[in-house]
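A.B. asks: coords below, sequence missing:
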């Protein structure tokens, strides 16, 4: 992986090219971006996120056994069809084209910012989305994958 991939930042340090968080609740505009705890203080591009997940899932970061163990025990999350394992997430998405679609990845956010990176085995594609403002990164990622599928047909 490139040395600059996923750069850790000190609290209140923010590179110029990072989009500002923009929550719809105007009272949260004073929120410091580094307050997002695990959702903050890491900066990377969409391609950085994809490169990380490609390396993880292809056993370049951990051996195949340990990579598989990340997904061994999955616990239901607050959204139907979303499960959390050992630092990874599994998404089971209903789809009109087939009974369900599986994603392997991770998502998160804070007020005014959301992000997701995932691999869709059925599509054999990675997707990464980061949003500033309101909206669903997962829904946007799903639309991108649907667009890929429709362009292949």
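C.D. replies: Perfect, thanks for sending it. Being a predicted model, the structure only gives us computed values, none of them experimental.
A.B. asks: Now do the helices in the protein.
C.D. replies: Using DSSP state H, the helices of the chain run over residues 46-57, 64-69, 137-152.
A.B. asks: Ok, which of those helices comes nearest residue 120?
C.D. replies: For those, proximity to residue 120 was assessed by CB to CB; helix 137-152 is nearest, at 5.6 Å. (C-beta placed from N, C-alpha, C; glycine too.)
A.B. asks: before we move on, back to that, please identify the deepest-packed of the helices of the chain.
C.D. replies: helix 46-57 (a mean of 18; mean count of other CB atoms under 10 Å).
A.B. asks: on contacts alone, who are the packing partners of that helix?
C.D. replies: Applying 3 or more CB pairs under 8 Å, 6 or more residues apart in numbering; DSSP states H and E, we find helix 46-57 packed against strand 100-110, strand 113-120, strand 125-132.
A.B. asks: could you give the angle of the first one to helix 137-152?
C.D. replies: The one in question is strand 100-110. Interaxial angle, strand 100-110 versus helix 137-152 (axes from the mean of the first three to the mean of the last three CA atoms, to 10 degrees): 140 degrees.
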